[in-house]
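# got a sequence here, can you build the structure:
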Amino acid sequence: MHEEAIRKADVLIAALGYIRKFHGRFTVIKLGGSVMEDPESLRALLVDVVFMQTVGMRPVVVHGGGKAITAAMEKAGIVPRWVKGRRYTDDATLEIVARVLAEDINTDIERHISKFGGRASGLHHRTHQCLYGRRLMLEEADGTKLDLGRVGEVTEVDIEPIENLCLAGVVPLLPSLAEDEDDETQLLNVNADTAAAAVAQALKAEKLVFLTDTPGILRDRNEPSSLISALTPAECRELIAEGVIDKGMIPKVEACLTSLEAGVLKTHIIDGRVRHSLLLEIFTDSGVGTEIENENADTIDKRTPAGRKPVLVR
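As a prediction, the model looks like this:
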């Protein structure tokens, strides 16, 4: 009995340095993928968020809802249309996107956090809009512009409501919807990865964490044991050029790199399906996913990738 209690105490002591380091610091968490479809994964993740808030960290959750949106469109008899991998968003689609994200998913996350002993509040067009943006046009190699409908990119983040909720011990929940800067009566459907990066940059967050359906960045996508635990921006660009980082992982990595350039101290790509992966990544030396940070970063939880000399931490 005593040995088990001592083991638990050792775990808490091991996390103490991280808790002190990150007390009062913002961590932006992008929630998406199959973690939102699996009740057990979602429960474990939100318990992690409540733990972070309880020990004095300031978690901020940004979420999308691709699968739920597609299901709602099918139920309404609307066939999804895709342009270069992005959902074309006409007025009817936007109405469904806004309802699913703000009224269904956001409210459900808030309810779960409350059930687990925390406090959370949604920030969106039904409460207090914090994300503002402009319409996004894709460009072909020949310069032709591709219209995506009411799809946008974030250009501005109102951080005061986010900060105020965090100071009050409340977890802000932001769906990936932005108000159109050219027409305040209209919303824009925004990629959740880029929305999370924009929030992290505006807050100068300590960490930006992407929860995905993979262990992190793999040298061989068919071999989970090929996980790369730590990378610098230069190494990420090399892996993109080599084709190791490709397809849907590229936008996440690019969001990480942009965030690091804007002052975010560290970014992480982890498997949200692993129970308590968020706590394991933040409060342990080894972590469970891939962290990306500037090579000269001076942080408490510096990992040493294979083949690189350890970096001294002051």
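
# OK, contacts around the residue lying closest to N294 once chain neighbours are set aside?
Distances taken as CB to CB, 6 or more residues apart in numbering put L260 closest to N294, at 5.6 Å, once the chain neighbours are dropped. (Each C-beta comes from the backbone N, C-alpha and C, glycine too.) Residues near L260 by CB atoms under 8 Å, 6 or more residues apart in numbering: P233, K266, T267, I292, E293, N294.

# could I get the full set of strands for this protein?
Assigned by DSSP state E, the strands in the chain fall at 26-31, 58-63, 82-83, 86-87, 120-122, 131-139, 145-157, 171-175, 177-180, 183-190, 207-212, 230-231, 266-271, 290-292.

# of all the ones you listed, which lies closest to A197?
strand 207-212 (6.5 Å; CB to CB).

# show me what that closest one is packed up against.
strand 26-31, helix 192-203, helix 249-261, strand 266-271, helix 277-283 (3 or more CB pairs under 8 Å, 6 or more residues apart in numbering; DSSP states H and E).

# just the angle between the longest helix seen in the chain and strand 207-212, please?
Secondary structure of the chain read by DSSP state H shows that its longest helix is helix 2-22. Here the directions of helix 2-22 and strand 207-212 differ by 120 degrees (axes from the mean of the first three to the mean of the last three CA atoms, to 10 degrees).

# quick check: closest non-adjacent residue to L136.
Leaving aside its sequence neighbours, L136 sits nearest to E153 (CB to CB, 6+ apart; 4.7 Å).

# could I have the CA atoms of stretch 131-140 written out in CSV?
Coordinates of each C-alpha in stretch 131-140 appear next as CSV, following Å, rounded to 0.1, in the frame of the first residue of the first chain:
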residue,chain,number,x,y,z
LEU,A,131,-11.5,35.7,-34.2
TYR,A,132,-11.7,38.0,-37.2
GLY,A,133,-10.6,37.3,-40.7
ARG,A,134,-10.8,37.7,-44.5
ARG,A,135,-11.9,35.4,-47.3
LEU,A,136,-9.2,33.0,-48.5
MET,A,137,-8.6,32.4,-52.2
LEU,A,138,-6.3,29.6,-53.4
GLU,A,139,-4.0,30.2,-56.4
GLU,A,140,-3.2,27.7,-59.1
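
# neighbouring contacts of it?
83-84, 86, 145-148, 150-158, 174, 176-182, 188, 190, 195, 198-199.

# for that stretch, what is the average pLDDT?
The average pLDDT within stretch 131-140 is 90.

# could you list every residue that touches the residue nearest to Q201 when sequence neighbours are not counted?
Excluding the flanking residues, the one nearest Q201 by CB to CB, 6+ apart is A262, at 3.9 Å. Contacts here follow CB under 8 Å, 6+ apart; on that basis A262 touches A200, Q201, K204.

# need the residues you listed in CSV with distance to V11, neighbour count and pLDDT, can you?
Shown next, in CSV, are the contacts of A262 (distance: CB to CB, whole Å; neighbours: other CB atoms under 10 Å; pLDDT from 0 to 100):
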residue, distance to V11, neighbour count, pLDDT
A200, 28, 32, 97
Q201, 33, 21, 96
K204, 30, 14, 94
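
# let's have those residues in TSV, adding distance to A44.
Conversion of the contacts of A262 to TSV gives the following (distance: CB to CB, whole Å):
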residue	distance to A44
A200	23
Q201	28
K204	28
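
# which of those sits closest to T27?
A200 (8.7 Å).

# the closest one contacts R58, correct?
No: with contact defined as CB atoms under 8 Å, A200 does not reach R58; the gap is 11.9 Å.

# wait, which of the strands of the chain is closest to A71?
Closest among the strands of the chain, once you apply CB to CB, is strand 86-87, at 13.2 Å.

# need the contact list for the nearest residue to R237 once chain neighbours are set aside.
Distances taken as CB to CB, 6+ apart place L257 nearest to R237, at 7.8 Å, with adjacent residues excluded. By CB under 8 Å, 6+ apart, the contact set of L257 is P233, C236, R237, I292.

# ChimeraX command for the buried members of those residues?
Buried residues among the contacts of L257 (16 or more other CB atoms under 10 Å), as a ChimeraX selection:
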select :233,236,292
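
# that'll do, ta.
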